[in-house]
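> Model the structure of this input:
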Amino acid sequence: MSDYPVKRRKKLIEVAIPLEAINAASAREKSIRHGHPSTLHLWWARRPLAAARAVIFCQMVDDPSAVPEEFPTWLTDTSARPAATERVSV
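The predicted structure follows:
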């Protein structure tokens, strides 16, 4: 065992994930009927790309509130969290 404990940072998916925006993007993507490459062949268990992309992004990115020295306005400025979660749904 090591004498230096590893500090685990929380991921963005554990703290804040914009479910409403992801659901809206997934529903819009699923309702496309023509003009999109995914409509060439309908797979049985196809997952919306917007939801998969958002989950992967949120699993990889650390929560900014876990590192206050890198993101000093995150805890004091309440408008920073919606701006960060907007990137997930894009």
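
> hey, which helix or strand in the chain has the poorest pLDDT?
For the chain, using mean pLDDT, DSSP states H and E, the weakest element among its helices and strands is helix 73-76, scoring a mean of 55.

> Tell me if residue 59 really is in a helix.
Yes - assessed with DSSP: H, G, I helix; E, B strand; the rest coil, residue 59 lies in a helix.

> excluding its backbone neighbours, what's nearest it?
residue 13 (5.3 Å; Cβ to Cβ, 6 or more residues apart in numbering). Just so you know, the C-beta spots here come from the backbone N, C-alpha and C atoms, and that holds for glycine as well.

> distance of residue 69 from residue 27?
39 Å (Cβ to Cβ, to the nearest Å).

> what's the answer for residue 35, then?
17 Å.

> ok, these two, which is more surrounded?
residue 27 (12 against 6; other Cβ atoms under 10 Å).

> That one should be in a helix, yeah?
Yes - secondary structure of residue 27 (three-state DSSP): part of a helix.

> Next one, pLDDT for it please.
On pLDDT, residue 27 comes in at 87.

> go on, residue 11?
Taking residue 11 on its own, its pLDDT is 88.

> List the buried residues in the one helix or strand residue 56 maps to.
In this assignment (DSSP states H and E), residue 56 forms part of helix 49-60. Judged by neighbour count (16 or more other Cβ atoms under 10 Å), helix 49-60 contains these buried residues: 50, 51, 54, 57, 58.

> How about stretch 3-15?
Applying 16+ other Cβ under 10 Å to stretch 3-15 flags 12, 13 as buried.

> Give me the distance between the two termini of it.
29 Å (Cα to Cα, to the nearest Å).

> next one: that stretch to chain centre, how far?
17 Å (Cα atoms, centre = their mean, to the nearest Å).
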